[in-house]
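1. Below is the sequence, then the predicted model.
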Amino acid sequence: MTSEPSFDAYLLPEEHEAVREAVREVCDAKVAPNAAEADETGEFPKASYEALKAADFHAPHIPEEYGGAGADALATAIVIEEVARACAASSLIPAVNKLGTMPLLLAASDELKRRYLPPVARGEAMFSYCLSEPEAGSDAASMLTRAVPDGDHYVLNGVKRWITNAGVSEYYTVFAVTDPAARSRGISAFVVEKSDPGISFGAPEKKLGIKGSPTREVYLDNVRIPADRMIGDPGTGFGTAMKTLDHTRVTIAAQALGIAQGALDYARGYVRQRRQFGKAVAEFQGVQFMLADMGMKLEAARQLTYAAAGKSERGDADLTYFGAAAKCFASDAAMEITTDAVQLLGGYGYTRDYPVERMMRDAKITQIYEGTNQVQRIVMARQLLKD
Amino acid sequence: MNIVVLVKQVPDSGADRSLRPDDNTVDRGSAGNVINEMDEYAIEEALKVREAHGGEVTVLTMGPDRASESIRKALSMGPDRAVHVLDDALHGSCAVATSKVLAAALGRLGADLVICGAESTDGRVQVLPHMIAERLGVAALTGARRLAVDGATLTVERQTEEGYEVVTASTPAVVSVWDTINEPRYPSFKGIMAAKKKPVQTLSLADLGIAGSEVGFDGATSTVLEHTRRPPRSGGTKVTDEGSGGVRLVEFLATEKFV
Ligand SMILES: Cc1cc2nc3c(=O)[nH]c(=O)nc-3n(C[C@H](O)[C@H](O)[C@H](O)COP(=O)(O)OP(=O)(O)OC[C@H]3O[C@@H](n4cnc5c(N)ncnc54)[C@H](O)[C@@H]3O)c2cc1C
Ligand SMILES: Cc1cc2nc3c(=O)[nH]c(=O)nc-3n(C[C@H](O)[C@H](O)[C@H](O)COP(=O)(O)OP(=O)(O)OC[C@H]3O[C@@H](n4cnc5c(N)ncnc54)[C@H](O)[C@@H]3O)c2cc1C
């Protein structure tokens, strides 16, 4: 068989490769150098945010009509992957901007989109997503936060927990119960602003990883907002929340890929330098087999993630399945790969003088948020058994 | 202001570079070709001048087919359009011939200001800016660490080993820049997408009225006959201090003319 250069199935479009190259260049120079410090201090990496903003990588998915870069789901995934390769905490900037705004893109009035999306595109505001509560994690529909109508306003009360970028973000998508009798069909989504009276934030959580990404509670104490801040119709909030996650689980998969790639790249370099028994440890077959498995799992995860990203962009019917599968598989792979990377560095890998232990700690969160991997398996199984 | 930036594609200086065994020219076929580092500073400076004074920025490249990758990358930083001088007969061109081709293309473009790197990382001859200015009959402001534009007056701080010289000229002129002049921007997402739609004009030698025999190996003013790889670094000199270490150290530095 002769080679057929025009056969472009399973080939990334040229501009997607150009995007990857561009993000990698910015991140190698301006994001990676801050990663260890963000982890050490737990401070939000402002310099990294500025560097991402300067190149439109902070919220690339915002459509051009709202002043954004208009990146498709695959390009957005590649941006997040490449940022995560340098600094997992910083990759939550583009990832959570997408998570917070996706409910608007899927369900909000044009008026609401015109008001809230351009500032995010310009890098003047970030957008957080407030679904989880202290007593409502995997079972998000059991949330207690209430929104009660009051004339042409709603009054919100409740506590949201684990909110990424809380306090840093200007805008918040908040899910709240408007009709308790209707259960999950009685939940509505709202845009809440940081400047709305009655909103406040808890102390930053002391986390295992992604320490440069603030996670805080959001307290809603009689927050009175105009009714036109509701995203979509009353009672559609939970559906919007779940549809959002179908799309954004792809971005968590991408984040996992990036963390794993960073760890693999580092370990690959290390084993060629480190000498024991008179040779580079890379020459031992036991080490080579570990590397081979790491690379294999990573590439399998990448292909699944990119396939899911294509489905996200097209809005394919099986996105729910693919989003869950990509997130679950890629995050499990990232956990294994980063753990093996620590192993390949031996004692040095176990110290903070080398970046792989940070990557291992960072990888863990990708198995937990946007639905634990147990929940992803529930989602996949339901899809497999539904007909 | 009509600004043209000269951009050369070169083998990545961070990677292992070599000359071709067959004809002693730079091996441009292997992976990892990039925009000549100094030219990124030239692009940045051109964009800054455009931002402050308006006008258009055109990228001009002479190079093989694959130089189009570097043209796209350059355009994604913000220039308006590009011209690619592409002709098989150019392979093996010397600096003199290169300057003839670039000057001919510049003549067609009618630039007020030509900005280029002070040197390329592969050829490293540092002569192109001067040669081009000479051929165009315009001023050469070379080795700039700062450029100020005031109407038709250009003022350049010319970097020297001791400090800098202030040089002034009026447009049209050629300015070559060092990496001290600015911090080049990174291509942005919007820039990458916009670059796909920017016009890239391809010119052949015939378009420029230059005969194939004037360039390439045929027209070369000098020829590389052979080359060898730099020998691997030797172990160096070890001085064990047995009381006279200081003296022997100074002796070594003196022989190497460091002191
Ligand atoms: C750093 C961080 C950032 C976060 N960011 C956000 C954010 O921005 N916005 C937001 O809304 N939320 C956010 N979360 C919340 C996250 O999505 C939840 O933590 C997650 O959904 C799990 O909920 P939980 O912690 O209450 O665990 P639980 O639901 O209490 O789960 C405990 C364990 O039980 C298992 N389990 C639960 N139900 C089942 C079942 N039916 N079958 C099998 N196993 C089950 C789980 O898999 C898990 O292992 C964040 C969390 C963290 C840690
Ligand atoms: C192995 C080898 C053999 C050589 N043989 C000869 C020889 O026989 N005779 C001879 O005279 N020279 C020879 N050269 C020099 C070579 O031809 C020059 O390097 C080349 O012409 C361009 O010069 P430069 O890039 O070094 O210019 P520089 O003066 O170092 O470059 C300055 C700037 O000019 C611009 N520029 C340079 N080239 C281009 C281009 N193609 N397109 C757009 N902009 C450009 C860029 O902005 C660059 O930053 C040889 C070089 C090598 C490495």
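-> Received it, and whenever you're ready, just let me know what you need. Numbers count the residues shown, from 1 in each chain, chains lettered A, B, ... in the order given. Ligands and ions are numbered 1, 2, ... in the order given.
2. What segments of chain B are helices?
-> B:37-53, B:67-76, B:95-109, B:128-136, B:189-195, B:216-219, B:245-255 (DSSP state H).
3. swap in chain A?
-> With DSSP H as the criterion, chain A has helices at A:14-30, A:32-41, A:46-54, A:73-86, A:88-107, A:110-121, A:237-273, A:285-314, A:319-344, A:346-349, A:356-366, A:373-385.
4. any idea which of those helices is most buried?
-> Stretch with highest mean neighbour count among the helices of chain A: helix A:73-86 (a mean of 29; mean count of other CB atoms under 10 Å in any protein chain shown). In this view, the C-beta of every residue, glycine as well, is placed from N, C-alpha and C.
5. So what's the gap between it and the chain middle?
-> 10 Å (CA atoms, centre = their mean, to the nearest Å).
6. Which strands or helices does that helix pack on?
-> With contacts defined as 3 or more CB pairs under 8 Å, 6 or more residues apart in numbering or on different chains; DSSP states H and E, the packing partners of helix A:73-86 are helix A:14-30, helix A:88-107, helix A:237-273, helix A:285-314.
7. Over that helix, what's the mean pLDDT, rounded is fine.
-> Averaging pLDDT along helix A:73-86 yields 98.
8. With stretch B:198-215 instead?
-> For stretch B:198-215, mean pLDDT is 96.
9. repeat for stretch A:344-360
-> Averaged across stretch A:344-360, the pLDDT comes to 98.
10. before we move on, what about stretch B:119-137?
-> For stretch B:119-137, mean pLDDT is 92.
11. Kindly report the same for stretch B:218-238.
-> Across stretch B:218-238, the per-residue pLDDT values average to 84.
12. for that stretch, the distance to its chain's centre please.
-> 22 Å.
13. these two touch, right, A:A282 and A:R272?
-> Yes - the criterion here is CB atoms under 8 Å, and A:A282 meets it with A:R272 at 4.7 Å.
14. Tell me how many other residues crowd whichever residue of the stretch 151-259 of chain B sits closest to ligand 1.
-> Relative to ligand 1, the nearest point of the stretch 151-259 of chain B is B:F189 (23.7 Å; CB to the nearest ligand atom). The number of residues packed near B:F189 is 25, by other CB atoms under 10 Å in any protein chain shown.
15. wait, what's in contact with it?
-> A:V19, A:A22, A:A55, A:D56, A:F57, A:P60, A:A69, A:A71, A:A75, A:V79 (CB atoms under 8 Å, 6 or more residues apart in numbering or on different chains).
16. for A:A73, same thing?
-> With CB under 8 Å, 6+ apart, A:A73 has these contacts: A:H61, A:H247, A:V250, A:A309, A:G310, A:S312, A:E313.
17. try it again with 6 Å
-> Counting by CB atoms under 6 Å, 6 or more residues apart in numbering or on different chains, A:A73 touches A:A309, A:S312, A:E313.
18. Same check on A:E82?
-> Here A:E82 is in contact with A:R20, A:V23, A:R24, A:C27 (CB under 6 Å, 6+ apart).
19. Mind putting those into TSV with distance to ligand 2 and pLDDT?
-> What follows is the contacts of A:E82, written out as TSV (distance: CB to the nearest ligand atom, whole Å; pLDDT from 0 to 100):
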residue	distance to ligand 2	pLDDT
A:R20	26	97
A:V23	26	97
A:R24	24	97
A:C27	26	98
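20. how about a markdown table for these, with distance to ligand 1 added?
-> Formatted as a markdown table, those follow (distance: CB to the nearest ligand atom, whole Å):
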| residue | distance to ligand 1 |
| --- | --- |
| A:R20 | 26 |
| A:V23 | 22 |
| A:R24 | 25 |
| A:C27 | 21 |
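21. Could you identify the most distant pair in those?
-> A:R20 and A:C27 (10.4 Å; CB to CB).
22. Quick check: chain neighbours aside, which residue is closest to B:S99?
-> Distance criterion CB to CB, 6 or more residues apart in numbering or on different chains; nearest residue to B:S99, sequence neighbours excluded, is B:M131 at 3.5 Å.
23. The one you found contacts B:T98, doesn't it?
-> No - assessed by CB atoms under 6 Å, B:M131 is found out of contact with B:T98, at 8.1 Å.
24. Please compute how far stretch B:234-253 lies from its chain's middle.
-> With CA atoms, centre = their mean, you get 41 Å for stretch B:234-253.
25. first to last residue in that stretch, what's the distance?
-> 18 Å (CA to CA, to the nearest Å).
26. Can you name the residues in contact with it?
-> For stretch B:234-253, using CB under 6 Å, 6+ apart, the contacting residues are B:V259.
27. Only the buried residues of that stretch, if you could.
-> Residues of stretch B:234-253 include none that count as buried (16 or more other CB atoms under 10 Å in any protein chain shown).
28. So, low pLDDT: which residues of the chain?
-> Using chain A. For chain A, the stretches flagged by pLDDT under 70 are A:1-4.
29. meant chain B actually
-> Ranges of chain B meeting pLDDT under 70: B:30-31.
30. and it, which residues reach chain A?
-> B:Y186, B:P187, B:S188, B:F189, B:K190, B:I192 (CB under 6 Å from any CB of the partner chain).
31. Grab the two from the residues you listed that are most spread out in space.
-> Counting by CB to CB, the most remote pair of these is B:Y186 and B:K190, 12.0 Å apart.
32. so how far is A:L11 from A:L257?
-> 18 Å (CB to CB, to the nearest Å).
33. same question, A:A267
-> A:A267 is 28 Å from A:L11, by CB to CB.
34. swap in A:T351?
-> A:T351 is 41 Å from A:L11, where distance means CB to CB.
35. start to end distance for stretch A:158-178?
-> End to end - CA to CA - stretch A:158-178 spans 12 Å.
36. is any part of that stretch close to ligand 1?
-> Yes - Stretch A:158-178 lies within reach of ligand 1 by CB under 6 Å from any ligand atom, at A:W162, A:I163, A:T164.
37. Isn't the last one up against A:K98?
-> No - A:T164 lies out of contact with A:K98 (CB under 6 Å); the separation is 11.6 Å.
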